[in-house]
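S.K.: Following is a predicted model, sequence given first.
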Amino acid sequence: MAIETIAIHYGMDIGTGAVAVIDEHDATHAAVELWCSKAQPRIPLAGTYFSADQFLAEHPSPSVSDLGPVVLELPQQRNGVDFSGLDRIVARRHRAIVYSHIATDEVILTALERGAVTYLTKSESKDHLIDAIRAAGAGRPYVGPRMALAMLNDSKTGRANLAPREKEVLVAWFRTESKDLVARQLQIAPTTVRTHLQRVRAKYAAVGRPATTKAALVARAIQDGILNVDDI
């Protein structure tokens, strides 16, 4: 499958909650609102915001509202890209989709490592954003073309020494909706699945390649040859 057409997503349901948009530009607010209103089924909009501070003042935690995924741009400052807003949004357990004009591998991979569930560039089609919102709303990973290319281009050399069973659990988790389904498929206890995934995350962190989200683990598995994007 060509990089241009790579898109990993599991199901098309939005799940519960409305999407919020954080961007400095009114044009982005209007565009995302229009695309969501025309999606089938329609995706509800929770609101549009000009900064992470403004958003968090109204939505301190997803547990106190019906809020779903958060689509946000990464602001640029004189000394580089500002990830602080993303960090605070992830720390409050919001599901963050970075939707940015920045298309460098370093920024994409850094955003994933900091907890973004998906990274899309504004040059990619609106269909990718809609599919990413639906996937994030359902707690599923989505990998668009530019994110896939960044993962394949990652030149980091540290490799986590995963056991065969850990790899098996990891790949099964990527292909299913929940850890309970993995447990039934592999005929092991759900707690065993969680233990294996915790060990996988710990091993990646130990070699300096943390993967705190499912999307980041997908990236690591592709980089290390455990998984091919065509296999999911």
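M.R.: Received, thanks.
S.K.: Next, the residue minimising distance to the centre of the chain: phi, psi?
M.R.: Centroid-nearest residue in the chain, with Cα atoms, centre = their mean: V117, separated by 1.5 Å. Dihedral pair for V117: phi -80, psi -20, per degrees, to the nearest 10.
S.K.: Pull the contacting residues for it.
M.R.: P69, R95, A96, I97, A136, P141, Y142, T213, K214, A215 (Cβ atoms under 8 Å, 6 or more residues apart in numbering). In short, each C-beta sits where N, CA and C put it, glycine included.
S.K.: out of those residues, who's nearest A20?
M.R.: P69 (7.8 Å; Cβ to Cβ).
S.K.: quick one: contacts for I222?
M.R.: Residues near I222 by Cβ under 8 Å, 6+ apart: A148, M151, L152, N228, V229.
S.K.: Using neighbour counts, pick out the buried residues of the biggest helix by length in the chain.
M.R.: Assignment by DSSP state H gives helix 190-206 as the longest helix of the chain. Neighbour counts over helix 190-206 (16 or more other Cβ atoms under 10 Å) mark V193, H196, L197, R199, V200, R201, K203, Y204 as buried.
S.K.: Pull the residues that contact that helix.
M.R.: 160-162, 165-166, 169-170, 173, 179-180, 182-183, 186, 210-212, 217, 220.
S.K.: Just the buried ones from those residues, in PyMOL syntax?
M.R.: Buried subset of these, written as a PyMOL selection, criterion 16+ other Cβ under 10 Å:
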select buried, resi 160+162+166+169+170+173+179+182+183+186+210+211+217+220
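S.K.: wouldn't A160 be in contact with D224 here?
M.R.: Yes: here A160 reaches D224: they are 7.1 Å apart, a contact under Cβ atoms under 8 Å.
S.K.: Understood, closing this out.
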